[in-house]
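S.K.: Let me see the structure of the following:
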Amino acid sequence: MTERGEVQVSAGGEEDLPDLTALYNHYVRETPITFDTEPHTVETRRPWLLSHPGHGPHRLLVAREDRGAGRSRALGYATSSPFRPKPAYSTSVEVSVYLAPDACGRGIGTLLYERLFAVLATEDVHRAYAGIAQPNPASVRLHTRLGFRHVGTYGEVGRKFGRYWDVAWYERPLGP
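M.R.: Residues are numbered from 1 along each chain as shown. Sure, this is the predicted structure:
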């Protein structure tokens, strides 16, 4: 487990699902950062959780804040997921990080990604890709600072809140 202050990072599990669903639903309802348009329930989000086991290249790491008396709160999470379904893409992953709104700007996104990349260094993963809905200067800064480079932008690829959004794609080498 990694600690930065009172923040701990470890693999996500079933006990995190209510917090992670609520956290993600904020972005579904309030922002164009995700192109999901309908909030999830814990049950509809469970397949996503199960697609990130505690081993292999597809991981879920959760940053938690200790609230005392054995209670904690999820401050954010980072994932690595399949980039594309065809077998030749198996050594590439798509990564993402989501933070509780009050956790932004505290270094938690960096901490999550550092831990995720350390875990992925033990896997047969060659490249990480991140799609960032534009504009999102904070996410662009985070990814650039962590070694991602811009490789292209899909113009007006998603429609949400009655308008079209661009998605900039970033790439980071992970292995040989």
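S.K.: in which helix or strand would I find Trp165?
M.R.: strand 163-173 (DSSP states H and E).
S.K.: What is the end-to-end distance of stretch 123-142?
M.R.: This stretch, stretch 123-142, spans 23 Å end to end (Cα to Cα, to the nearest Å).
S.K.: what about the helices in the protein?
M.R.: 17-30, 42-50, 108-120, 137-145 (DSSP state H).
S.K.: hey, which of these is tucked in deepest?
M.R.: Most buried of the helices of the chain by mean neighbour count (mean count of other Cβ atoms under 10 Å) is helix 108-120; its value is a mean of 20. To be clear about C-beta, it is placed using only N, CA and C from the backbone, and glycine gets the same treatment.
S.K.: picking that back up, between the helices of the chain, which gets nearest to Lys160?
M.R.: Proximity of the helices of the chain to Lys160 was assessed by Cβ to Cβ; the nearest stretch is helix 17-30, lying at 9.3 Å.
S.K.: per-residue confidence at Arg67?
M.R.: Per-residue pLDDT puts Arg67 at 72.
S.K.: ok, so what distance separates it from Gly107?
M.R.: 19 Å (Cβ to Cβ, to the nearest Å).
S.K.: For those two, work out which one has more neighbours and name it.
M.R.: Gly107 (14 against 10; other Cβ atoms under 10 Å).
S.K.: So that one versus Leu146, what's the distance?
M.R.: Distance from Gly107 to Leu146, by Cβ to Cβ: 12 Å.
S.K.: do Trp169 as well
M.R.: 15 Å.
S.K.: More neighbours: which of these two?
M.R.: Legend: neighbour count by other Cβ under 10 Å for Trp169 and Leu146, higher for Leu146 (18 against 15).
S.K.: In contact with the closest residue in space to that one that isn't next to it in sequence, which residues?
M.R.: With sequence-adjacent residues excluded and distances taken as Cβ to Cβ, 6 or more residues apart in numbering, Leu146 is closest to Tyr113, at 5.5 Å. Applying Cβ atoms under 8 Å, 6 or more residues apart in numbering, we find Tyr113 in contact with 78, 95, 97, 142, 146.
S.K.: now, among those, which is nearest to Pro87?
M.R.: Nearest to Pro87 among the contacts of Tyr113 is Val95, at 20.0 Å by Cβ to Cβ.
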